[in-house]
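Asks: just the structure for this:
(one chain, ligands or ions: 1)
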Amino acid sequence: MARKFDVPEYYRSKIISTVKEARRLDDPRKKDLSPSILDFGQVQYLIARHFGFCYGVENAIEIAYNAIEENPGKRIFLLSEMIHNPSVNDDLRRRGIAFLRTTDGRQLIPFDDLRSDDLVIIPAFGTTVEVRQTLEAHGIDTQTYNTTCPFVEKVWKRSEQIGRDEHTIVIHGKRTHEETRATFSQARKHAAVVVVRDIEEARLLASVIDGTAAPEDFASWFNGKTSDGFDPAKDLQRIGVVNQTTMLATETQEIASLLREAIVRRDGSEAALVNFADTSDTLCYATNENQNATYALLEEQADVAIVVGGYNSSNTSHLVELCSEKMPTFFVQDAREIHSLDRIQHFLVEEGKLTITTDWLPTKRPVRIVLTAGASCPDAMLEDVLVRINNWIPPERAIDDVLKPFSNGLLVA
Ligand code: SF4
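Replies: Sure, this is the predicted structure:
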(Lines give C-alpha, C1' and ligand atoms only; values in the text may rest on other atoms or scores of the structure.)
Protein backbone atom coordinates (compact mmCIF):
# COMPACT_ATOMS: atom_id res chain seq x y z
CA MET A 1 0.00 0.00 0.00
CA ALA A 2 1.19 3.50 -0.84
CA ARG A 3 2.68 5.39 2.09
CA LYS A 4 0.37 7.92 3.74
CA PHE A 5 1.89 11.23 4.71
CA ASP A 6 0.90 13.54 7.48
CA VAL A 7 -0.10 16.62 5.47
CA PRO A 8 -2.04 19.48 7.13
CA GLU A 9 -5.78 18.90 6.77
CA TYR A 10 -6.34 22.31 5.20
CA TYR A 11 -4.51 21.15 2.09
CA ARG A 12 -7.08 18.35 1.61
CA SER A 13 -10.52 18.90 0.22
CA LYS A 14 -13.83 17.29 0.94
CA ILE A 15 -14.88 17.02 -2.70
CA ILE A 16 -11.61 16.58 -4.57
CA SER A 17 -9.85 14.35 -2.03
CA THR A 18 -12.98 12.16 -1.80
CA VAL A 19 -13.05 11.66 -5.55
CA LYS A 20 -9.31 10.95 -5.61
CA GLU A 21 -9.48 8.44 -2.78
CA ALA A 22 -12.48 6.65 -4.29
CA ARG A 23 -10.68 6.32 -7.62
CA ARG A 24 -7.57 5.07 -5.85
CA LEU A 25 -9.54 2.37 -4.02
CA ASP A 26 -11.48 1.37 -7.13
CA ASP A 27 -8.41 1.10 -9.29
CA PRO A 28 -5.35 0.38 -7.16
CA ARG A 29 -3.32 -0.72 -10.18
CA LYS A 30 -4.05 2.62 -11.86
CA LYS A 31 -5.23 1.06 -15.11
CA ASP A 32 -8.18 3.38 -15.67
CA LEU A 33 -7.06 6.84 -16.78
CA SER A 34 -10.53 8.15 -17.59
CA PRO A 35 -11.41 11.39 -15.78
CA SER A 36 -13.89 11.66 -12.93
CA ILE A 37 -16.99 13.63 -13.87
CA LEU A 38 -18.70 15.80 -11.30
CA ASP A 39 -22.07 16.68 -12.74
CA PHE A 40 -23.72 19.63 -11.05
CA GLY A 41 -26.29 20.09 -13.83
CA GLN A 42 -25.49 23.40 -15.55
CA VAL A 43 -21.81 22.80 -15.08
CA GLN A 44 -19.85 19.58 -15.33
CA TYR A 45 -16.27 19.25 -14.13
CA LEU A 46 -13.92 16.73 -15.66
CA ILE A 47 -11.29 15.95 -13.07
CA ALA A 48 -8.07 14.26 -14.18
CA ARG A 49 -7.49 10.73 -12.87
CA HIS A 50 -4.09 11.80 -11.54
CA PHE A 51 -3.08 15.27 -10.41
CA GLY A 52 -1.97 17.19 -7.36
CA PHE A 53 0.42 16.32 -4.55
CA CYS A 54 2.87 13.56 -5.46
CA TYR A 55 4.97 11.37 -3.19
CA GLY A 56 7.90 13.80 -3.19
CA VAL A 57 5.77 16.83 -2.37
CA GLU A 58 3.84 15.13 0.44
CA ASN A 59 7.11 13.81 1.86
CA ALA A 60 8.62 17.32 1.78
CA ILE A 61 5.56 18.90 3.38
CA GLU A 62 5.48 16.31 6.15
CA ILE A 63 9.17 16.86 6.94
CA ALA A 64 8.88 20.67 6.88
CA TYR A 65 5.86 20.80 9.20
CA ASN A 66 7.51 18.26 11.50
CA ALA A 67 10.59 20.47 11.59
CA ILE A 68 8.46 23.36 12.86
CA GLU A 69 6.72 21.22 15.46
CA GLU A 70 9.85 19.51 16.71
CA ASN A 71 11.95 22.65 17.07
CA PRO A 72 10.12 25.38 18.95
CA GLY A 73 12.27 28.47 19.44
CA LYS A 74 14.84 27.45 16.85
CA ARG A 75 15.66 29.46 13.76
CA ILE A 76 14.40 27.45 10.80
CA PHE A 77 15.35 28.20 7.19
CA LEU A 78 14.31 26.78 3.88
CA LEU A 79 17.10 26.74 1.36
CA SER A 80 14.61 28.06 -1.24
CA GLU A 81 10.98 27.51 -2.15
CA MET A 82 9.80 24.27 -0.61
CA ILE A 83 7.86 23.36 -3.75
CA HIS A 84 6.62 25.57 -6.55
CA ASN A 85 3.37 26.54 -4.90
CA PRO A 86 3.03 30.03 -3.42
CA SER A 87 0.28 29.16 -0.94
CA VAL A 88 2.33 26.35 0.61
CA ASN A 89 5.43 28.58 0.75
CA ASP A 90 3.43 31.46 2.27
CA ASP A 91 2.02 29.16 4.94
CA LEU A 92 5.53 28.06 5.89
CA ARG A 93 6.65 31.71 6.05
CA ARG A 94 3.73 32.53 8.33
CA ARG A 95 4.90 29.77 10.63
CA GLY A 96 8.26 31.45 10.96
CA ILE A 97 10.37 29.73 8.31
CA ALA A 98 12.71 32.10 6.48
CA PHE A 99 13.94 31.48 2.92
CA LEU A 100 17.68 31.67 2.26
CA ARG A 101 17.44 31.98 -1.52
CA THR A 102 14.94 32.62 -4.27
CA THR A 103 14.00 29.78 -6.54
CA ASP A 104 16.44 31.02 -9.21
CA GLY A 105 19.33 30.99 -6.75
CA ARG A 106 19.45 34.66 -5.67
CA GLN A 107 20.66 34.94 -2.10
CA LEU A 108 18.13 36.50 0.30
CA ILE A 109 19.97 35.78 3.55
CA PRO A 110 23.77 35.35 3.39
CA PHE A 111 24.96 31.87 4.35
CA ASP A 112 27.42 33.64 6.66
CA ASP A 113 24.48 34.69 8.85
CA LEU A 114 23.80 31.04 9.68
CA ARG A 115 24.69 29.61 13.10
CA SER A 116 25.48 25.96 13.68
CA ASP A 117 22.33 25.49 15.78
CA ASP A 118 20.10 26.73 12.94
CA LEU A 119 17.97 24.30 11.07
CA VAL A 120 17.99 24.28 7.27
CA ILE A 121 15.45 22.35 5.23
CA ILE A 122 16.60 21.17 1.80
CA PRO A 123 13.66 21.35 -0.64
CA ALA A 124 12.19 18.50 -2.71
CA PHE A 125 14.26 19.52 -5.77
CA GLY A 126 17.48 18.79 -3.86
CA THR A 127 20.48 21.09 -3.96
CA THR A 128 23.92 21.36 -5.46
CA VAL A 129 27.01 19.73 -4.01
CA GLU A 130 28.51 23.20 -3.53
CA VAL A 131 25.58 24.56 -1.50
CA ARG A 132 25.50 21.47 0.67
CA GLN A 133 29.22 21.84 1.34
CA THR A 134 28.76 25.51 2.20
CA LEU A 135 26.00 24.68 4.66
CA GLU A 136 28.12 21.96 6.24
CA ALA A 137 31.05 24.38 6.50
CA HIS A 138 28.72 26.55 8.62
CA GLY A 139 28.07 23.58 10.91
CA ILE A 140 24.56 22.92 9.52
CA ASP A 141 23.12 19.41 9.61
CA THR A 142 22.06 18.76 6.00
CA GLN A 143 20.55 15.33 6.58
CA THR A 144 17.82 15.47 9.23
CA TYR A 145 15.53 17.82 7.31
CA ASN A 146 16.59 16.95 3.81
CA THR A 147 13.39 16.62 1.77
CA THR A 148 15.05 15.79 -1.57
CA CYS A 149 12.60 13.59 -3.43
CA PRO A 150 13.77 9.97 -3.79
CA PHE A 151 12.84 10.14 -7.48
CA VAL A 152 15.25 13.05 -7.95
CA GLU A 153 17.92 11.08 -6.08
CA LYS A 154 17.23 8.18 -8.42
CA VAL A 155 18.21 10.42 -11.34
CA TRP A 156 21.43 11.34 -9.50
CA LYS A 157 22.22 7.66 -8.91
CA ARG A 158 21.56 6.79 -12.53
CA SER A 159 23.78 9.70 -13.61
CA GLU A 160 26.52 8.32 -11.38
CA GLN A 161 26.17 4.86 -12.93
CA ILE A 162 26.31 6.04 -16.52
CA GLY A 163 29.12 8.46 -15.65
CA ARG A 164 31.11 5.59 -14.14
CA ASP A 165 30.51 3.72 -17.39
CA GLU A 166 32.28 6.59 -19.10
CA HIS A 167 29.18 8.04 -20.70
CA THR A 168 28.58 11.78 -20.86
CA ILE A 169 25.35 12.79 -19.12
CA VAL A 170 22.79 14.69 -21.20
CA ILE A 171 20.20 16.30 -18.92
CA HIS A 172 16.85 17.13 -20.47
CA GLY A 173 15.85 20.11 -18.34
CA LYS A 174 15.83 23.85 -17.83
CA ARG A 175 19.38 24.92 -16.96
CA THR A 176 18.25 27.43 -14.33
CA HIS A 177 15.64 25.23 -12.64
CA GLU A 178 16.64 24.25 -9.10
CA GLU A 179 16.33 20.55 -9.78
CA THR A 180 18.42 20.72 -12.96
CA ARG A 181 21.05 22.83 -11.19
CA ALA A 182 21.20 20.17 -8.48
CA THR A 183 21.33 17.25 -10.94
CA PHE A 184 23.98 19.05 -13.02
CA SER A 185 26.12 19.54 -9.96
CA GLN A 186 25.72 15.92 -8.84
CA ALA A 187 26.32 14.54 -12.35
CA ARG A 188 29.49 16.49 -13.10
CA LYS A 189 31.23 14.71 -10.20
CA HIS A 190 31.16 11.61 -12.39
CA ALA A 191 31.23 12.71 -16.03
CA ALA A 192 31.00 15.51 -18.56
CA VAL A 193 27.50 17.04 -18.61
CA VAL A 194 25.41 18.98 -21.12
CA VAL A 195 21.86 20.28 -20.65
CA VAL A 196 19.33 20.29 -23.49
CA ARG A 197 16.08 22.13 -22.98
CA ASP A 198 13.94 20.84 -25.81
CA ILE A 199 13.72 18.96 -29.10
CA GLU A 200 15.24 21.88 -30.98
CA GLU A 201 18.36 21.82 -28.83
CA ALA A 202 18.45 18.03 -29.02
CA ARG A 203 18.51 18.31 -32.84
CA LEU A 204 21.49 20.69 -32.61
CA LEU A 205 23.27 18.24 -30.34
CA ALA A 206 22.41 15.35 -32.68
CA SER A 207 23.92 17.29 -35.59
CA VAL A 208 27.20 17.63 -33.69
CA ILE A 209 27.12 13.92 -32.82
CA ASP A 210 26.54 12.69 -36.38
CA GLY A 211 28.96 15.23 -37.84
CA THR A 212 26.49 17.28 -39.88
CA ALA A 213 27.45 20.30 -37.77
CA ALA A 214 30.96 21.40 -36.89
CA PRO A 215 32.17 20.89 -33.30
CA GLU A 216 32.80 24.68 -33.18
CA ASP A 217 29.03 25.27 -33.46
CA PHE A 218 28.61 23.35 -30.25
CA ALA A 219 30.31 26.06 -28.18
CA SER A 220 27.88 28.78 -29.23
CA TRP A 221 24.79 26.57 -29.04
CA PHE A 222 25.54 25.17 -25.61
CA ASN A 223 27.32 28.09 -24.00
CA GLY A 224 26.74 27.92 -20.22
CA LYS A 225 25.03 24.55 -20.52
CA THR A 226 28.00 22.22 -20.12
CA SER A 227 30.42 21.17 -17.44
CA ASP A 228 33.82 22.92 -17.56
CA GLY A 229 36.18 21.85 -20.33
CA PHE A 230 33.48 20.01 -22.29
CA ASP A 231 35.06 18.75 -25.52
CA PRO A 232 32.40 17.77 -28.07
CA ALA A 233 34.88 15.71 -30.09
CA LYS A 234 35.64 13.52 -27.09
CA ASP A 235 32.66 13.94 -24.77
CA LEU A 236 29.95 13.01 -27.27
CA GLN A 237 31.34 9.58 -28.06
CA ARG A 238 29.24 7.83 -25.41
CA ILE A 239 26.16 9.40 -23.86
CA GLY A 240 23.11 8.71 -21.71
CA VAL A 241 20.03 10.91 -21.19
CA VAL A 242 18.45 11.70 -17.82
CA ASN A 243 15.82 14.32 -17.17
CA GLN A 244 14.55 16.99 -14.86
CA THR A 245 11.77 14.84 -13.48
CA THR A 246 9.01 17.29 -14.34
CA MET A 247 9.71 17.67 -18.05
CA LEU A 248 7.30 16.21 -20.60
CA ALA A 249 8.03 12.48 -20.50
CA THR A 250 7.22 12.10 -24.20
CA GLU A 251 9.70 14.87 -24.98
CA THR A 252 12.46 13.16 -22.96
CA GLN A 253 11.78 9.95 -24.87
CA GLU A 254 11.87 11.79 -28.19
CA ILE A 255 15.13 13.50 -27.26
CA ALA A 256 16.67 10.17 -26.23
CA SER A 257 15.60 8.60 -29.57
CA LEU A 258 16.95 11.55 -31.56
CA LEU A 259 20.34 11.31 -29.90
CA ARG A 260 20.43 7.53 -30.13
CA GLU A 261 19.69 7.70 -33.87
CA ALA A 262 22.52 10.22 -34.30
CA ILE A 263 24.88 7.73 -32.65
CA VAL A 264 23.56 4.93 -34.89
CA ARG A 265 24.27 7.12 -37.95
CA ARG A 266 27.78 7.80 -36.73
CA ASP A 267 28.76 4.39 -35.25
CA GLY A 268 26.26 1.82 -36.56
CA SER A 269 23.53 0.10 -34.57
CA GLU A 270 25.72 -2.46 -32.85
CA ALA A 271 28.12 0.13 -31.45
CA ALA A 272 25.14 2.27 -30.43
CA LEU A 273 24.17 -0.43 -27.94
CA VAL A 274 27.35 0.44 -26.06
CA ASN A 275 27.64 4.13 -26.87
CA PHE A 276 24.12 5.05 -25.88
CA ALA A 277 23.03 4.19 -22.31
CA ASP A 278 19.36 3.31 -21.86
CA THR A 279 18.10 5.53 -19.05
CA SER A 280 14.36 5.41 -19.60
CA ASP A 281 13.92 4.27 -15.98
CA THR A 282 14.65 7.76 -14.61
CA LEU A 283 11.22 9.18 -15.50
CA CYS A 284 9.26 10.14 -12.38
CA TYR A 285 6.08 8.12 -11.80
CA ALA A 286 4.01 11.19 -10.82
CA THR A 287 4.98 13.22 -13.86
CA ASN A 288 4.15 10.24 -16.06
CA GLU A 289 0.82 9.62 -14.38
CA ASN A 290 -0.24 13.26 -14.44
CA GLN A 291 0.70 13.65 -18.07
CA ASN A 292 -0.94 10.37 -19.13
CA ALA A 293 -4.09 11.29 -17.20
CA THR A 294 -4.10 14.62 -19.04
CA TYR A 295 -3.89 12.86 -22.43
CA ALA A 296 -6.89 10.72 -21.37
CA LEU A 297 -8.74 13.82 -20.19
CA LEU A 298 -8.25 15.44 -23.57
CA GLU A 299 -10.07 12.60 -25.30
CA GLU A 300 -13.27 13.87 -23.65
CA GLN A 301 -15.39 16.70 -25.00
CA ALA A 302 -14.90 19.83 -22.90
CA ASP A 303 -15.25 23.57 -23.40
CA VAL A 304 -12.37 24.99 -21.38
CA ALA A 305 -9.60 23.82 -19.07
CA ILE A 306 -8.47 25.38 -15.82
CA VAL A 307 -5.05 24.28 -14.58
CA VAL A 308 -4.15 25.34 -11.04
CA GLY A 309 -0.59 25.76 -9.81
CA GLY A 310 2.40 28.03 -9.21
CA TYR A 311 3.48 29.92 -12.33
CA ASN A 312 7.04 28.69 -11.85
CA SER A 313 5.95 25.05 -11.58
CA SER A 314 7.47 23.16 -14.47
CA ASN A 315 5.18 20.14 -14.29
CA THR A 316 2.10 22.39 -14.15
CA SER A 317 3.17 24.36 -17.21
CA HIS A 318 3.52 21.11 -19.13
CA LEU A 319 -0.08 20.20 -18.27
CA VAL A 320 -1.11 23.66 -19.50
CA GLU A 321 0.82 23.02 -22.71
CA LEU A 322 -1.01 19.70 -23.27
CA CYS A 323 -4.48 21.13 -22.55
CA SER A 324 -3.87 24.20 -24.72
CA GLU A 325 -3.45 21.99 -27.77
CA LYS A 326 -7.05 20.90 -27.42
CA MET A 327 -9.09 23.73 -25.88
CA PRO A 328 -8.91 27.24 -24.37
CA THR A 329 -6.82 26.75 -21.23
CA PHE A 330 -6.39 29.05 -18.25
CA PHE A 331 -3.40 28.67 -15.90
CA VAL A 332 -4.32 30.19 -12.55
CA GLN A 333 -2.45 30.30 -9.29
CA ASP A 334 -5.61 30.19 -7.22
CA ALA A 335 -9.40 30.68 -7.39
CA ARG A 336 -9.15 34.42 -6.76
CA GLU A 337 -7.88 34.87 -10.30
CA ILE A 338 -11.28 33.90 -11.62
CA HIS A 339 -12.84 37.32 -11.20
CA SER A 340 -16.23 36.38 -12.64
CA LEU A 341 -17.78 34.19 -15.32
CA ASP A 342 -16.75 36.93 -17.77
CA ARG A 343 -13.25 37.75 -16.59
CA ILE A 344 -10.25 35.65 -15.64
CA GLN A 345 -6.63 36.51 -14.88
CA HIS A 346 -4.23 33.82 -16.00
CA PHE A 347 -0.59 33.15 -16.75
CA LEU A 348 0.80 32.81 -20.27
CA VAL A 349 3.64 30.30 -20.08
CA GLU A 350 5.32 31.19 -23.38
CA GLU A 351 5.29 34.93 -22.72
CA GLY A 352 5.97 34.52 -19.00
CA LYS A 353 3.34 37.10 -18.04
CA LEU A 354 -0.14 37.50 -16.62
CA THR A 355 -3.06 38.51 -18.77
CA ILE A 356 -6.80 39.12 -18.44
CA THR A 357 -9.29 37.36 -20.69
CA THR A 358 -12.92 38.40 -20.87
CA ASP A 359 -15.82 36.15 -21.87
CA TRP A 360 -13.60 33.20 -21.02
CA LEU A 361 -16.42 30.78 -20.18
CA PRO A 362 -18.88 29.79 -22.93
CA THR A 363 -22.49 30.63 -22.15
CA LYS A 364 -23.78 27.24 -23.31
CA ARG A 365 -25.22 24.98 -20.62
CA PRO A 366 -24.22 22.55 -19.45
CA VAL A 367 -20.68 23.84 -19.76
CA ARG A 368 -17.91 21.25 -19.39
CA ILE A 369 -14.80 22.39 -17.55
CA VAL A 370 -11.59 20.38 -17.31
CA LEU A 371 -10.03 20.85 -13.88
CA THR A 372 -6.53 19.70 -13.09
CA ALA A 373 -3.38 20.71 -11.22
CA GLY A 374 0.32 20.04 -11.05
CA ALA A 375 2.17 17.94 -8.49
CA SER A 376 2.64 20.86 -6.09
CA CYS A 377 -1.00 21.96 -5.83
CA PRO A 378 -3.12 21.11 -2.76
CA ASP A 379 -6.52 19.51 -3.49
CA ALA A 380 -8.12 22.34 -1.50
CA MET A 381 -7.08 24.85 -4.15
CA LEU A 382 -8.81 22.88 -6.88
CA GLU A 383 -11.92 22.72 -4.75
CA ASP A 384 -11.78 26.51 -4.25
CA VAL A 385 -12.02 26.91 -8.03
CA LEU A 386 -14.98 24.56 -8.25
CA VAL A 387 -16.81 26.22 -5.36
CA ARG A 388 -16.19 29.68 -6.81
CA ILE A 389 -17.66 28.75 -10.17
CA ASN A 390 -20.58 26.99 -8.49
CA ASN A 391 -21.34 30.22 -6.65
CA TRP A 392 -22.01 31.83 -10.02
CA ILE A 393 -23.64 28.84 -11.71
CA PRO A 394 -25.83 27.44 -8.94
CA PRO A 395 -25.71 23.62 -8.81
CA GLU A 396 -28.89 21.78 -9.72
CA ARG A 397 -27.82 18.74 -7.77
CA ALA A 398 -26.82 18.37 -4.13
CA ILE A 399 -23.19 17.56 -3.42
CA ASP A 400 -24.18 14.14 -1.96
CA ASP A 401 -25.76 13.20 -5.29
CA VAL A 402 -22.82 14.46 -7.27
CA LEU A 403 -20.44 12.46 -5.11
CA LYS A 404 -22.58 9.32 -5.02
CA PRO A 405 -20.62 7.52 -7.74
CA PHE A 406 -17.50 8.07 -5.64
CA SER A 407 -18.96 7.17 -2.26
CA ASN A 408 -17.53 3.65 -1.87
CA GLY A 409 -18.44 3.88 1.77
CA LEU A 410 -16.14 6.88 2.07
CA LEU A 411 -16.93 10.38 3.18
CA VAL A 412 -20.24 11.54 1.72
CA ALA A 413 -21.47 14.18 4.09
S1 SF4 B 1 7.17 15.28 -9.37
FE2 SF4 B 1 8.24 13.31 -9.10
S3 SF4 B 1 10.37 13.88 -8.73
FE4 SF4 B 1 9.17 15.74 -8.44
S5 SF4 B 1 8.75 15.77 -6.24
FE6 SF4 B 1 7.02 14.71 -7.22
S7 SF4 B 1 7.53 12.52 -7.12
FE8 SF4 B 1 9.40 13.70 -6.74
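Asks: tell me how far the residue in the stretch 301-413 of the chain that the ligand sits nearest to lies from residue 220.
Replies: Across the stretch 301-413 of the chain, the shortest distance to the ligand (CB to the nearest ligand atom) belongs to residue 375, at 4.2 Å. Just so you know, the C-beta spots here come from the backbone N, C-alpha and C atoms, and that holds for glycine as well. Distance from residue 375 to residue 220, counting by CB to CB, to the nearest Å: 35 Å.
Asks: then residue 332?
Replies: Distance from residue 332 to residue 220, by CB to CB: 38 Å.
Asks: so, low pLDDT: which residues of the stretch 201-350 of the chain?
Replies: 281 (pLDDT under 70).
Asks: show me the strands in it, by range?
Replies: 239-243, 276-277, 304-308, 329-332, 343-348 (DSSP state E, counting those that start in this stretch).
Asks: would CSV of these with distance to residue 166 and mean neighbour count be doable?
Replies: Below are the strands of the stretch 201-350 of the chain laid out as CSV (distance: least, CB to CB, whole Å; neighbours: other CB atoms under 10 Å):
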stretch, distance to residue 166, mean neighbour count
strand 239-243, 10, 26
strand 276-277, 10, 23
strand 304-308, 42, 26
strand 329-332, 42, 23
strand 343-348, 43, 18
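Asks: which one's more surrounded, residue 375 and residue 220?
Replies: Neighbours per residue, other CB atoms under 10 Å: of residue 375 and residue 220, the larger number sits with residue 375, 31 against 8.
Asks: which phi and psi does that one have?
Replies: With angles defined as degrees, to the nearest 10, residue 375 sits at phi -70, psi -10.
Asks: who touches the nearest residue to it once chain neighbours are set aside in this structure?
Replies: Distances taken as CB to CB, 6 or more residues apart in numbering put residue 54 closest to residue 375, at 4.1 Å, once the chain neighbours are dropped. Counting by CB atoms under 8 Å, 6 or more residues apart in numbering, residue 54 makes contact with 284-286, 290, 375.
Asks: please, a PyMOL command that selects the buried ones among these?
Replies: The following PyMOL line selects those of the contacts of residue 54 that are buried, judged by 16 or more other CB atoms under 10 Å:
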select buried, resi 284+286+290+375
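Asks: closest to residue 262 among the contacts of residue 54?
Replies: Using CB to CB, residue 284 is the member of those that lies nearest residue 262, at 25.6 Å.
Asks: surely the closest one and residue 245 touch.
Replies: Yes. Residue 284 is in contact with residue 245 according to CB atoms under 8 Å; the separation is 3.7 Å.
Asks: what do those two both touch?
Replies: Common neighbours of residue 284 and residue 245 (CB under 8 Å, 6+ apart) are 149, 151-152.
Asks: now rank those residues by neighbours and give me the top one.
Replies: Top of those by neighbour number is residue 149, holding 24 neighbours under the definition other CB under 10 Å.
Asks: name the element the nearest residue to it once chain neighbours are set aside belongs to?
Replies: Leaving aside its sequence neighbours, residue 149 sits nearest to residue 56 (CB to CB, 6+ apart; 2.9 Å). In the assignment (DSSP states H and E), residue 56 maps to helix 55-70.
Asks: repeat that for residue 171.
Replies: strand 168-172.
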